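>>> Curious how this folds, go ahead:
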Amino acid sequence: MAIRYRITKRSNSIQNKEAQYIMQAVNTGTIDLDFISNAISNECSLHEVDVKAVLMALGIKLEYFLQEGNIVDLGDVGKFKMGFQCKAATDPKMLTPKRSIKKYHVNYQPSVKLKRKLKAGIATYKEGSRSV
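Below you'll find the predicted structure:
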């Protein structure tokens, strides 16, 4: 398992406007609910349909509990919580949800197990090369 990257040229509009190069992670595709359900069912005694039903129910409950203001801790997967961006005001009385909240988002915090893997480093390879 390795993450593909490419080198991309970026212009620097803040400092001396000299072009810079960065390494950018490249996605290798999208894994959908059907694929995950099948992969999990191949590793346990549950049928693909049962696994898919549980994952769909998880999505529904995740949305429900996040809207209730709960932090959802999924163990080795990590934690999810709802957040939002808000405009600042000089007077607290001027802050109202309808006027002040710009947009909502979901914060994800990886599990300790996943954080340790990330800290240890993930294998990477340059796009177009075959070696990892």
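>>> how about the helices in this protein?
Assigned by DSSP state H, the helices in the chain fall at 33-41, 48-67, 97-100, 112-120.
>>> got a list of what the spatially closest residue to Ala123 that is not a sequence neighbour touches?
Excluding the flanking residues, the one nearest Ala123 by CB to CB, 6 or more residues apart in numbering is Ala2, at 3.9 Å. The C-beta positions use only the backbone N, C-alpha and C, and glycine is treated the same way. Counting by CB atoms under 8 Å, 6 or more residues apart in numbering, Ala2 makes contact with Ile122, Ala123, Thr124, Tyr125, Val132.
>>> What of Thr124?
Counting by CB under 8 Å, 6+ apart, Thr124 touches Ala2, Ile3, Arg4, Tyr5.
>>> For the residue nearest to Ala123, give its distance to Gly121.
Separation of Ala2 from Gly121 (CB to CB, to the nearest Å): 11 Å.
>>> now do Gly78
Gly78 is 19 Å from Gly121, by CB to CB.
>>> For this protein, give me the ranges with low pLDDT.
Within the chain, the stretches with pLDDT under 70 are 1, 15, 130-132.
>>> in it, which residue is closest to the centre?
Residue closest to the mean C-alpha point of the chain, counted by CA atoms, centre = their mean, is Tyr108 at 6.4 Å.
>>> For that residue, give the beta-bridge partners.
Tyr108 has these beta-bridge partners by DSSP bridges: Phe80.
>>> my read: it touches Gly78, true?
Yes - Tyr108 lies in contact with Gly78 (CB atoms under 8 Å); the separation is 5.9 Å.
>>> buried residues in stretch 70-83?
Val72, Gly78, Phe80, Lys81, Met82 (16 or more other CB atoms under 10 Å).
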